[in-house]
Structures are given as structure tokens and as C-alpha cells.
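1. Quick check, what structure comes out for this input:
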Amino acid sequence: MRDPGGGATHPWRELGPGIRVRQSAAFSMNSTVLSSPEHTVIVDPGVLPSELDDLAEAVRRVETNAVTLLLTHAHWDHVLGRAWWPRASVLAHDRFAAAVRAHAGHILEKARARARLHGETWERDFTPYRPDQAVSGLHFAKLGPWRLVLRDAPGHDDSQLTIHLPEQRLLIAADMLSDREVPILDRPCAVYRHTLEELLPLALHGAIETLIPGHGTVARGRAEAVARLTRDIGYLDRLAAAAHEAVRDGSPVEALEERLGTMDDRLRAMDETVREAHRDNIALEYRAAALAAAPGS
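-> Got it, this is the predicted structure:
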């Protein structure tokens with residue numbers, strides 16, 4: 001998540017026929033394009049105006065018959081592309097619209113601030129919008145040649161979906177499984193862990209050979225996909241165990257923060273944003289452990 005404002009947009013990277021990914025200068029966020037003359041799918045277009053302009057031009061060059069924006073969740077940096085493709089169909093979680101509507105002012109404020117940090121100007125408005133197709137649970141979709149399996153992925157955000165392309169053995173993991181970020185929680189560890197547990201068998205049995213995280217480096221090969229999943233499951237398990245132990249022993253949350261401050265290599269990088277997210281994770285799991293231990297719970 002490190003974003004000092006001086007980074008550069010990465011060049012497009014080919015991952016297979018019709019599949020390209022590009023990493024933003026902002027938060028190393030990945031946007032993915034599944035292109036074909038019949039149907040082009042744009043996953044999480046972002047983040048800066050210049051990057052969205054470039055992405056729009058790349059899609060125009062395909063001369064595709066249809067465009068779908070597939071948005072993995074409703075966080076501000078993932079929902080900005082609608083203004084560039086106002087006539088595209090939008091596919092997202094059935095909780096997406098309410099979340100975007102509730103945070104519309106925050107979304108525009110964040111977009112403008114991030115553009116300024118990178119020497120750009122955000123000139124467009126942001127109007128809340130609803131997906132043309134809202135899904136949840138386990139959902140199968142075919143968009144032109146692209147066969148997709150969409151899964152609920154709570155733990156980071158209740159509007160989050162993962163996108164699996166079985167034929168390409170590709171997983172677009174929404175805001176999970178980063179090599180740069182620890183898991184960022186909005187629910188207790190057990191919820192996030194269950195999401196990862198559902199994906200792990202796919203990786204173990206070779207159904208995931210390429211893994212695109214929301215932020216950070218693409219993982220290639222079965223072993224690396226499994227390693228990403230097991231690493232984050234391990235983080236969640238250690239955090240949950242330590243929080244429950246601290247509550248049982250009557251230790252304050254501050255002591256837990258000190259104890260777990262460098263529990264993961266990703267916390268040793270000079271990235272205060274990741275460390276702040278980790279502290280928030282500790283506080284959230286400590287509260288969950290305290291609630292579970294309360295009499296009558």
C-alpha cells in the first residue's frame with residue numbers, strides 16, 4: 001500500500017492470450033483487462049486520471065463489441081472507472097451499490113487527493129451508481145469467451161468478490177493475497193480465514209497458476225499461489241491466537257500491539273500505511289476476542 005506520490009505507473013504485462021494487467025503508481029493497485037473482439041472485461045480500472053485515460057485508449061484499440069466493468073468491491077480506489085465507460089455494463093456484488101452510495105463524498109475526496117499527490121488533477125465528478133448485474137454467493141458468468149466464477153469474499157469488505165477463470169487457471173483476488181500488504185480486516189480473523197480456506201483447494205489442485213492481488217506483485221505458478229494463501233492464513237491464525245490469549249490473561253491491547261509489531265516480514269518495510277492497517281487489525285481482533293469471552297456470549 002505504500003504510496004509516497006513519486007511512483008510510476010508500470011507498463012502493461014501480458015499474462016496470456018487477451019489477458020493484461022497494469023500496476024498503478026497509486027498503491028501498486030492492479031487493473032486487469034480481459035480483451036476480445038466479442039467482449040472485453042475491465043476489472044477494477046484505476047486509479048489516476050492519466051492511467052484511466054490510457055486504459056480507455058487500450059480498450060478502444062481492441063474494437064470490442066461489448067465492455068463490462070467488473071468491480072471486485074466498493075472501496076474508493078476500485079470504483080472510479082465508471083466515468084470513462086458510462087455505457088459499459090457493470091457487474092459487482094449485490095452490496096456494492098449501497099456501499100458506494102454511502103461513501104460517495106469520501107470517494108471523490110480520495111480520488112482528488114490521490115491525483116494531486118501524483119501531480120495530476122481529478123476533473124470529473126463522481127456519481128454513485130448501481131451495477132447492471134448484482135451477484136453474491138457463488139455465481140457463474142460467461143462474457144464473450146471469458147468464463148468466470150465469482151465468489152463472495154468477506155473479511156476485507158462485505159461487497160468483495162474474487163474472480164476465477166478456470167480455463168486460464170487465473171485468480172483475480174480482489175484486495176487479498178498481496179506480497180506487500182498484510183490482510184486488512186473489516187471482520188474478525190475467522191471470517192477472512194474462511195474466505196481463504198475456500199480458495200486454498202483450488203491452488204493446491206492446480207486450478208490457480210496465476211494470482212493477481214488487488215495491490216502488489218502478480219504470483220505465477222502453483223507453488224507461489226499456495227504460498228500466498230498459506231502465508232495469509234498463518235497471519236490470521238497467529239493474530240487470532242494472540243488476541244484471545246491477551247484477553248484471557250487480561251493484557252491490554254497496547255501490549256498486544258507491541259508483541260505483534262513485527263510478526264510478519266511485510267511489517268518491516270518502511271510503509272506506515274501497512275503498519276497502521278496491522279494495528280487496526282489487532283484492535284479489531286482484540287475486541288472480537290473480548291466480546292467472545294464476555295459472560296453470556
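
2. C-alpha from now on. contacts and neighbour counts both.
-> OK.

3. List the residues that contact Val182.
-> Contacts of Val182 were listed using C-alpha atoms under 8 Å, 6 or more residues apart in numbering, and they are 232, 235, 264, 266-267, 274, 278.

4. rerun at 10 Å
-> Neighbouring residues of Val182 by C-alpha atoms under 10 Å, 6 or more residues apart in numbering: 1, 176, 231-232, 235-236, 264-267, 274-275, 277-278, 281.

5. Show the buried residues in these.
-> 1, 176, 231-232, 235-236, 264, 266-267, 274-275, 277-278, 281 (16 or more other C-alpha atoms under 10 Å).

6. how about these in CSV, adding distance to Asp53 and pLDDT?
-> Shown next, in CSV, are these (distance: C-alpha to C-alpha, whole Å; pLDDT from 0 to 100):
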residue, distance to Asp53, pLDDT
Met1, 23, 45
Met176, 26, 99
Arg231, 36, 98
Asp232, 34, 99
Tyr235, 37, 98
Leu236, 38, 99
Asp264, 37, 95
Arg266, 32, 93
Leu267, 34, 93
Val274, 29, 93
Arg275, 32, 94
Ala277, 31, 96
His278, 34, 97
Asn281, 35, 98
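
7. Can you list the buried residues in stretch 114-134?
-> Neighbour counts over stretch 114-134 (16+ other C-alpha under 10 Å) mark 114-115, 118, 121-122, 126, 128, 130-131 as buried.

8. I should have written stretch 217-228 there, sorry.
-> 217-219, 222, 224-228.

9. what's the first-to-last distance across that stretch?
-> Stretch 217-228 has an end-to-end distance of 11 Å (C-alpha to C-alpha, to the nearest Å).

10. Show me what the mean pLDDT comes to for that stretch.
-> Stretch 217-228 shows a mean pLDDT of 98.

11. Which residues does it contact?
-> For stretch 217-228, the external contacting residues (C-alpha under 10 Å, 6+ apart) are 13, 15, 21, 23, 28-30, 169-172, 176-180, 196, 199-213, 230, 233-234.

12. can you do 7 Å?
-> The list of residues contacting stretch 217-228 from outside it, by C-alpha atoms under 7 Å, 6 or more residues apart in numbering, reads 177, 179, 200, 203-204, 206, 208-212.

13. Same check on stretch 144-151?
-> With C-alpha under 7 Å, 6+ apart as the test, stretch 144-151 has contacts from 38-39, 137-142, 161-165.

14. if you set the cut-off to 10 Å instead, what comes out?
-> Applying C-alpha under 10 Å, 6+ apart, the contact partners of stretch 144-151 are 18, 34-41, 65-67, 72, 92-93, 135-142, 160-168, 170-172, 195, 198-199.

15. can you tell me the average pLDDT over that stretch?
-> Mean predicted lDDT for stretch 144-151 stands at 99.

16. Low-confidence ranges, the stretch 51-200 of the chain, go.
-> Residue ranges of the stretch 51-200 of the chain with pLDDT under 70: none are present.

17. could you pull out the strands for it?
-> 67-70, 89-93, 133-135, 138-143, 146-152, 161-165, 170-172 (DSSP state E, counting those that start in this stretch).

18. Name the pair among the contacts of Val182 with the greatest separation in space.
-> Using C-alpha to C-alpha, the pair of the contacts of Val182 lying farthest apart is Met1 and Leu236, separated by 18.7 Å.

19. circling back: now, which of the contacts of stretch 217-228 lie within helices?
-> In helices, defined here by DSSP state H, the members of the contacts of stretch 217-228 are 200, 203-204.

20. Please tabulate those residues in a markdown table, including the columns distance to Ala102 and neighbour count.
-> Output for the ones in helices among the contacts of stretch 217-228, formatted as a markdown table (distance: C-alpha to C-alpha, whole Å; neighbours: other C-alpha atoms under 10 Å):
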| residue | distance to Ala102 | neighbour count |
| --- | --- | --- |
| Leu200 | 33 | 20 |
| Ala203 | 35 | 25 |
| Leu204 | 39 | 16 |
